[in-house]
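K.L.:
I'll drop the sequence and a predicted model, then ask my questions.
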Amino acid sequence: MTALDEFSGRPVAADAVEVLEEFRAAGARSFHNFDVAQVRERYEQGCAANGLSGDSLHAVTDHRVGQFGVRVYEPRPTRGPTRVTLFFHGGGWVMGSLDTHDGLCRRLASLTGHPVVAVDYRLAPEHRYPAALEDCREALYWLLSEDAAHGLTVASVVLAGDSAGGQLAAVLANENARCAAPLPLIGQVLLYPITDLSFATPSYQRVTEGFPLVADTMRWFADLYLPEGTDRRAPELSPAFAALRPGSPPAYVVTVDNDPLADEGARYAAALAQAGTAVCFRHLSGYAHGLFTSAGRIARAGQEVEHIAAFIGECAHRGLP
């Protein structure tokens with residue numbers, strides 16, 4: 001029988017033990033115990049050390065869009081109409097970059113056989129809300145522009161992101177469902193997404209120390225991201241409080257057990273289903289927030305990326321645009 005973790009009271013999977021023990025042996029200092037410059041540097045280093053290795057692709061190109069950058073991962077030697085995965089990285093709107101999720105985006109492009117476009121949106125506290133959301137929205141319209149520098153003929157888009165990136169993807173998917181003339185979004189991949197900035201779900205009481213991201217980390221991120229007086233339950237920040245409608249693209253939602261975001265992600269998946277959205281929900285016991293940026297060392301993460309790629313492939317066969 002798997003022993004329960006001394007901090008969360010939940011199991012830790014065998015393939016996740018080594019990474020977690022290294023973190024605790026180094027002092028178990030969660031992200032919010034560093035200043036912004038330090039936490040960004042440590043996140044870059046951690047993702048480089050633990051993330052997926054860079055799959056070789058036909059082409060990888062960087063572009064500038066407005067005030068932010070994007071990276072296009074092209075696995076195809078010949079071009080034609082295609083679906084594209086638009087990826088928003090995690091990092092609490094404070095840290096993360098094209099490089100932190102480079103291995104993951106390369107793997108998704110390789111497995112799906114279709115382009116992935118990653119967005120290097122502006123970060124807080126230099127650029128507070130709504131900068132990140134505005135950049136991701138602009139990236140979506142840029143991607144669908146026929147005369148944009150990316151040179152792609154985009155037939156449809158899957159929105160994807162982890163943590164804060166999952167929140168950004170969910171918000172844009174909900175916006176699109178309310179539009180009279182919606183864009184051709186055919187799927188949303190939400191990996192341990194932030195969906196409820198009230199911080200009131202039970203998992204916030206359970207995951208308070210012993211992991212890189214704990215309840216106080218989320219409070220720190222939100223304080224850096226949000227201008228004073230912002231309504232944290234607004235649907236543009238907390239999708240859990242959105243009036244969900246039929247017409248949202250099929251969703252693939254992943255939560256992990258040793259994570260303050262576990263309960264809100266599960267509740268959001270249920271809310272999507274209750275609103276009539278097709279949902280695949282996976283809850284991974286034994287794993288912590290940051291699983292997908294540790295996929296180079298945690299075998300289960302690599303397996304889950306294969307499932308995500310399969311879902312993206314299925315989206316293109318649902319008879320949607």
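P.N.:
Ah, there it is.
K.L.:
Give me the below-cutoff pLDDT ranges for the chain.
P.N.:
Applying pLDDT under 70 to the chain flags residues 1-2, 318-321.
K.L.:
and with 80 instead?
P.N.:
Residue ranges of the chain with pLDDT under 80: 1-3, 316-321.
K.L.:
Run a quick neighbour tally on residue 61.
P.N.:
Around residue 61 there are 12 other residues, counting by other C-beta atoms under 10 Å. To be clear about C-beta, it is placed using only N, CA and C from the backbone, and glycine gets the same treatment.
K.L.:
cool, the one 5 residues further on as well?
P.N.:
The local packing of residue 66 (other C-beta under 10 Å) involves 12 other residues.
K.L.:
Which of the three states applies to the residue lying closest to it once chain neighbours are set aside?
P.N.:
Spatial nearest neighbour of residue 66, chain neighbours left out: residue 138 (5.6 Å); criterion: C-beta to C-beta, 6 or more residues apart in numbering. Three-state call for residue 138 (DSSP: H, G, I helix; E, B strand; the rest coil): helix.
K.L.:
tell me the strands in the chain, going along the chain?
P.N.:
Listed in chain order, the strands of the chain (DSSP state E) span 59-65, 68-74, 81-88, 116-120, 153-162, 185-191, 251-258, 279-288.
K.L.:
I'd like those written out as TSV, with distance to residue 301 added.
P.N.:
Output for the strands of the chain, formatted as TSV (distance: least, C-beta to C-beta, whole Å):
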stretch	distance to residue 301
strand 59-65	22
strand 68-74	19
strand 81-88	16
strand 116-120	17
strand 153-162	11
strand 185-191	10
strand 251-258	10
strand 279-288	8
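K.L.:
and of these, who's closest to residue 241?
P.N.:
Nearest to residue 241 among these is strand 185-191 (15.8 Å), distances taken as C-beta to C-beta.
K.L.:
Which strands border that closest one, and is each parallel or antiparallel?
P.N.:
Paired strands of strand 185-191, with direction, are strand 153-162 (parallel), strand 251-258 (parallel) (DSSP bridges).
K.L.:
Pick the most buried one from those strands.
P.N.:
Of all the strands paired with strand 185-191, strand 251-258 carries the top mean neighbour count, a mean of 25, counting by mean count of other C-beta atoms under 10 Å.
K.L.:
Burial check on residue 180, number of neighbours?
P.N.:
The burial count for residue 180: 4, using other C-beta under 10 Å.
K.L.:
That one and residue 247, how far apart?
P.N.:
According to C-beta to C-beta, to the nearest Å, residue 180 stands 11 Å off from residue 247.
K.L.:
And residue 122, by the same measure?
P.N.:
Residue 122 is 30 Å from residue 247, by C-beta to C-beta.
K.L.:
Next, count neighbours for residue 50.
P.N.:
18.
K.L.:
Which residue is the nearest non-sequential neighbour of it?
P.N.:
Closest to residue 50 by C-beta to C-beta, 6+ apart is residue 294, at 4.1 Å.
K.L.:
cool, residue 42 as well?
P.N.:
According to C-beta to C-beta, 6+ apart, the nearest residue to residue 42 is residue 34 (6.4 Å).
K.L.:
Could you measure from that neighbour over to residue 21?
P.N.:
Residue 34 is 20 Å from residue 21, by C-beta to C-beta.
K.L.:
Neighbour count for these two, which is higher?
P.N.:
residue 34 (16 against 11).
K.L.:
Tell me the backbone dihedrals of the more buried one, please.
P.N.:
According to degrees, to the nearest 10, the main-chain angles of residue 34 amount to phi -120, psi 160.
K.L.:
Okay, buried residues for stretch 77-93 please.
P.N.:
82, 83, 84, 85, 86, 87, 88, 89, 90, 91, 92, 93 (16 or more other C-beta atoms under 10 Å).
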